[in-house]
Each structure stands twice: as C-alpha cells, then as structure tokens.
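[1] okay, predicted coordinates and the sequence, questions at the end:
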Amino acid sequence: MKNIKTAGILVILFLGTGTAFSQSRKTESIKGVEKSDNDKKIEVEGIGHKLNYTLNNGVVEVEGGDNTVTIKGSAKKISISGTGNKVYIDKVDNIEMEGGNNTIFYKTSGTKSGKPNASLTGVGNKVAKQ
C-alpha cells in the first residue's frame with residue numbers, strides 16, 4: 001500500500017513538473033479549445049475565438065465557426081474546416097479548406113508561383129492576397 005501511494009505521488013509530481021516546464025499552451029473556454037506547441041503547431045477548435053500568434057514554418061488547424069486567427073510569421077500548411085473562419089498570415093505554402101465562407105488572407109508564399117497550393121472544398125471559401 002505504501003508503494004502505491006509513493007508511486008502515485010511520484011507520478012503526480014512528474015506530470016506537474018513536465019507541465020510546468022513545457023512550452024506549449026492550451027486554453028479551454030466556453031468557446032472551445034485553442035492550443036499552440038513550441039511555435040510549430042497551432043490548433044483552434046470552437047466558436048468565436050479572436051487569437052494572435054507567432055509561428056515559424058509550422059502548421060495551423062482551425063475547426064469550428066467564426067474564429068479570427070492572426071499569425072505573424074509563416075506556415076507550411078493551414079487547414080480550416082467549419083464556417084466563417086478567417087486567418088490572416090504573413091506567409092503560407094499549402095492550404096486545405098472545407099466548409100463554407102472561410103477566408104485566408106496572406107501576404108506571400110514560398111511556392112514557385114508565389115501563390116499557396118490550395119485545396120478548397122465547400123461553398124464560399126477563398127484565399128486572398130493582402
């Protein structure tokens with residue numbers, strides 16, 4: 001019994017320490033979940049988020065509705081599913097969009113054509129250069 005208590009305490013301490021030193025961020029609210037990890041991945045789920053990030057050649061995933069995400073920096077890929085989401089980014093190479101009335105505004109792309117490779121499924125989705 002004493003060994004089980006000791007093991008339990010060690011597990012709690014280990015998990016707590018790992019969380020304290022981790023450089024990721026996760027926020028849950030009535031709007032849903034937003035999570036970023038070491039400037040390499042951003043995940044937004046839910047409705048009505050208005051968020052700002054810095055990203056260096058990472059991945060962005062937005063699911064839900066009426067989210068506005070502003071990103072300083074670049075993304076290898078942005079995936080959006082849902083309705084009425086808007087993403088503003090400096091540089092993006094690949095885009096996947098599903099749902100309706102989602103928009104990505106970008107300034108530049110690292111592709112040869114200067115436009116991101118885009119796969120748009122749904123109604124009213126668009127990619128626009130700012």
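    All right, it came through fine.

[2] now do the buried residues in stretch 103-113.
    Thr103, Ile104, Tyr106, Ser109 (16 or more other CB atoms under 10 Å). The C-beta positions use only the backbone N, C-alpha and C, and glycine is treated the same way.

[3] before we move on, what about stretch 84-92?
    So stretch 84-92, judged by 16+ other CB under 10 Å, has buried residues Gly84, Asn85, Lys86, Val87, Tyr88, Ile89, Asp90, Lys91, Val92.

[4] returning to that earlier point: for the buried residues of stretch 103-113, which one is nearest Gly122?
    Thr103 (12.0 Å; CB to CB).

[5] show the model's pLDDT score for that closest one.
    Looking at Thr103, its pLDDT is 98.

[6] ok, the one 3 residues further on next?
    What the model reports for Tyr106 is a pLDDT of 98.

[7] what is the burial count for Ile42?
    24 (other CB atoms under 10 Å).

[8] and what of Gly82?
    22.

[9] direction included, what does the host helix or strand of it pair up with?
    Per DSSP states H and E, Gly82 falls inside strand 68-83. When pairing is defined by DSSP bridges, strand 68-83 lines up against strand 50-65 (parallel), strand 86-100 (parallel).
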